[in-house]
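Asker: Pasted the sequence and its predicted model underneath.
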Amino acid sequence: MRVPSWPWRFVLVVAAAAPVVGYALFGVARPLDEAIKGMPRTGRPVRLVVNGEEIPAAAFDRAFVYIHGRPYLERKIRDFLVAEEIELRRRSGQAVEDLRISDEEVRKEVASRKEEFQRQIQGGLDLDAFLRAQGMDETSFADEQASLLRFDKAFIPDDTTKWSGTTRKALASEGEQAVVDLAIPGIRARGDEALAPQGGKESVDRPLPGLRPPVVEATATGSLKDPALQELVDRTIQAIREQGERKPDAPIPRPPVVEAPGTERLKDPASQELVDRTTQAIREQGERKPNAPIPPFYRTIFRQWITKALRKSSNIRTASDGLPPDVVLTVNGRPLLTAEAYPAIARRVTALDRENVVRWMAWATATRQALVKAGVFLPEEEFAREWQAHVGPYEETPFSIEVVAIAFKKFPSYDLYREYFRLKKSFEKRIEKEVTDETLLQHRARVQGFLEDGKVDAQVILLSAFDYTNLDWKGPDAFDEAKARAEETLAALKAGTSFEEAIDRFSEFVDRSAPPPNAPPGRRLPEGPRTNRGRFGAQSKNQLKQLLGESEFEDLLRGTSMGEILFHDAAPLEVVGPMRGPTGYYIGRVLERLPGAKPVDFTQENTRDLLREDYLRRRFIDWSADVVAESRFKIR
């Protein structure tokens, strides 16, 4: 038995008078990497064969849609829900002609939204780049606006007297009846200005204010069992500290509470927050004209709540529910065919995007094959029980498992996370006898700094394959070119260039508060983490991985993590790399490790659960990376 330790994956390639050590992924011949090198750079890959098993073309195309088409899939589900509502009204004898939208309505909405986005984009960032960052192009953006117009006509027309029973039932089920009773008159009782940021006009729809972190003490001695939620708490506390919004050890403040006259406090915090904000807006504003357009803030809330309620009451099935490869999903029996979905996504993706699909399909297939061979792959009924046990604790919290999977673990889709979960739980059966107290104690020695909120002061040079000016890849050979620059950087370090000088000369991290290199005048990136060219300063492991663009999903695809190596394994001043990451090649070093200020009692059940989950996650990633390294691949 081997306790996971990241550095065993890498090869020592450099020795010099200065402490320069290289761990090089490209120094190890891997069958998958070799197969990808021969993959066509343009057009769709023909066929992927894993250990003699050929992946059906439709299965590959469907994975493509799941990985790169989440906005498209959300839109198609919304369209199916609208179509079902229209059919329901038609069958009951109601008129449906007023639910149609015209081309002119779509053109006006597209023009209006573009104008709003141009006002929102910081420093004049190109609109096409902004749309790319949202997973859209001009065509899909127009399709999105048309879809939202159809949804609004069906469920939330401006005249609230025409709201259907479906709408009222959906809002009541999500926000409790008090929300409906309050919000409908509230639409007529306020103006846009009450909810406009900083007194200005509201330019874009804001998200539902229900997904907020749990209130925790900054110096709490316990940790959340789920690492994704713990990461959210870490990031929230850090953000509040940086903004100076509270004293170092005070609780994270909740939003102000405003009692709604004639209502009781709602059980659900997200519902209560909506009531609070709505009530406040009503008090601040006088009566408004009936039938005026619903303000954007409210419209966004109602869209999200109605969609959520309708999805709950619908039977939505995907690949992990056993659909054949030629079907992406079904909504109450209405199918979205792979042959329809794939072309809509493929037109705007790159060769590098295709590579990620190949890596996922290769990883998932090889891992499943190994688990089936070992006789531990979960059958459908057992998987269903395990899945329900997994999602159950989230159902009574503001965090759905979908939010955790996509927003925190960074899986491209809910379905891919379900597939990962099934494979991981199957692996846990394989090693259940291995997970002993002795094993966990060995793992504790490695991760104690993480569990005790320790930090690492690290510096990383990024040789980027990503164009931060246009928010797009630099080209089909972007990673090869970044690798070449990484090798040049390493050569300079070996020749005596100091790491500090190398950061200034070579690092392509872009501070979002500053213009990207060679950017047009006035252009800067949207707000985000400050990288300081790769001089990160003291960071927790989750914060460090965030700055590197790493995630649990990326760890699976690569089998590696620069953040893990720097936080746990690299010796101070030892130079690590180059190694490939999500957006380019990294060369890093640790300046110092700082002990955590939060002592952890490993006799506590909560702490042991967190330790065990971290061990199983790391062990699974290591084992599956071994499986992929030992597999055979053909792309033809």
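Answerer: The structure has been received and is ready for your questions.
Asker: Could you say which helix or strand holds the residue nearest the centre of the chain?
Answerer: The centroid of the chain falls nearest to Lys410 when counting by C-alpha atoms, centre = their mean (3.1 Å). Assignment of secondary structure by DSSP states H and E places Lys410 within no helix or strand.
Asker: and it, what does it touch?
Answerer: For Lys410, the contact set (C-beta atoms under 8 Å, 6 or more residues apart in numbering) comprises Ser551, Glu552, Phe553, Glu554. No exception for glycine: its C-beta is placed from N, CA and C like everyone else's.
Asker: Kindly provide the distance from the residue in the chain sticking out farthest from the centre to Lys598.
Answerer: In the chain, counting by C-alpha atoms, centre = their mean, Gly93 sits farthest out from the average C-alpha position, at 43.1 Å. Separation of Gly93 from Lys598 (C-beta to C-beta, to the nearest Å) stands at 64 Å.
Asker: and the stretch of helix or strand Ala341 belongs to, what does it pack onto?
Answerer: Take DSSP H and E as the rule and Ala341 turns out to sit in helix 338-346. Applying 3 or more C-beta pairs under 8 Å, 6 or more residues apart in numbering; DSSP states H and E, one finds that helix 338-346 contacts helix 57-68, helix 70-91, strand 327-331.
Asker: Kindly reformat these as a markdown table and extend each row with mean pLDDT.
Answerer: What follows is the helices and strands packed on helix 338-346, written out as a markdown table (pLDDT from 0 to 100):
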| stretch | mean pLDDT |
| --- | --- |
| helix 57-68 | 93 |
| helix 70-91 | 93 |
| strand 327-331 | 96 |
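Asker: now these as JSON lines including mean neighbour count and distance to Glu97?
Answerer: Formatted as JSON lines, these follow (neighbours: other C-beta atoms under 10 Å; distance: least, C-beta to C-beta, whole Å):
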{"stretch": "helix 57-68", "mean neighbour count": "23", "distance to Glu97": "33"}
{"stretch": "helix 70-91", "mean neighbour count": "17", "distance to Glu97": "10"}
{"stretch": "strand 327-331", "mean neighbour count": "22", "distance to Glu97": "24"}
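Asker: Quick check: which of the ones you listed is nearest to Arg446?
Answerer: helix 57-68 (31.6 Å; C-beta to C-beta).
Asker: CA atoms of that closest one as CSV?
Answerer: Listed next in CSV are the C-alpha coordinates belonging to helix 57-68 (Å, rounded to 0.1, in the frame of the first residue of the first chain):
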residue,chain,number,x,y,z
ALA,A,57,-19.0,8.8,-32.1
ALA,A,58,-22.3,9.9,-30.6
ALA,A,59,-20.9,9.3,-27.1
PHE,A,60,-17.9,11.5,-27.8
ASP,A,61,-20.1,14.2,-29.3
ARG,A,62,-22.4,14.1,-26.3
ALA,A,63,-19.5,14.5,-23.9
PHE,A,64,-18.4,17.5,-26.0
VAL,A,65,-21.9,19.1,-25.4
TYR,A,66,-21.7,18.4,-21.7
ILE,A,67,-18.2,19.9,-21.3
HIS,A,68,-18.5,22.9,-23.5
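Asker: quick one: the strands in the stretch 451-600 of the chain?
Answerer: Along the stretch 451-600 of the chain, counting by DSSP state E, counting those that start in this stretch, strands occupy 455-464, 466-467, 472-473, 535-539, 575-580, 584-594.
Asker: so which of the ones you listed comes closest to Glu115?
Answerer: The closest of the strands of the stretch 451-600 of the chain to Glu115 is strand 472-473. By C-beta to C-beta, the value is 23.3 Å.
Asker: so where's the stretch 201-350 of the chain shaky on pLDDT?
Answerer: The model of the stretch 201-350 of the chain has pLDDT under 70 over residues 201-292.
Asker: please redo it, this time with the cut-off set to 50
Answerer: 201-225, 228-229, 232-233, 236-237, 239-240, 243-266, 275, 279-288 (pLDDT under 50).
Asker: which residues sit against the helix or strand encompassing Ala35?
Answerer: Ala35 belongs to helix 31-37 when assigned by DSSP H and E. If you take C-beta under 8 Å, 6+ apart as the criterion, helix 31-37 is touched by Phe26, Glu355, Val358, Arg359, Ala362, Val628, Ala629, Ser631, Arg632, Phe633, Lys634, Ile635.
Asker: centre of the chain versus that helix, how much separation?
Answerer: From the chain centre to the centre of helix 31-37 is a distance of 27 Å (C-alpha atoms, centre = their mean, to the nearest Å).
Asker: Can I get that helix as PDB, trimmed to CA atoms?
Answerer: C-alpha atoms of helix 31-37 as PDB (Å, rounded to 0.1, in the frame of the first residue of the first chain):
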ATOM      1  CA  PRO A  31       0.400   7.000 -24.200                       C
ATOM      2  CA  LEU A  32      -2.500   9.500 -24.000                       C
ATOM      3  CA  ASP A  33      -0.300  12.500 -24.600                       C
ATOM      4  CA  GLU A  34       1.300  10.700 -27.600                       C
ATOM      5  CA  ALA A  35      -2.100   9.900 -29.000                       C
ATOM      6  CA  ILE A  36      -3.300  13.500 -28.600                       C
ATOM      7  CA  LYS A  37      -0.200  14.800 -30.400                       C
END
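Asker: Could you check how far Tyr468 is from Phe155?
Answerer: Using C-beta to C-beta, Tyr468 is found at 39 Å from Phe155.
Asker: and the nearest residue to Gly333 once chain neighbours are set aside, what does it touch?
Answerer: Nearest non-adjacent residue to Gly333, counting by C-beta to C-beta, 6 or more residues apart in numbering: Asn315, 7.4 Å away. Residues counted as contacts of Asn315 (C-beta under 8 Å, 6+ apart) are Thr330, Val331, Asn332, Gly333.
Asker: Pull out the buried residues from the helix holding Ala341.
Answerer: Of all the residues in helix 338-346, those buried under the rule 16 or more other C-beta atoms under 10 Å are Thr338, Ala341, Tyr342, Ala344, Ile345, Ala346.
Asker: for stretch 565-579, same thing?
Answerer: Buried-residue list, stretch 565-579, by 16+ other C-beta under 10 Å: Ile565, Leu566, Phe567, His568, Asp569, Ala570, Glu574, Val575, Val576, Gly577, Pro578, Met579.
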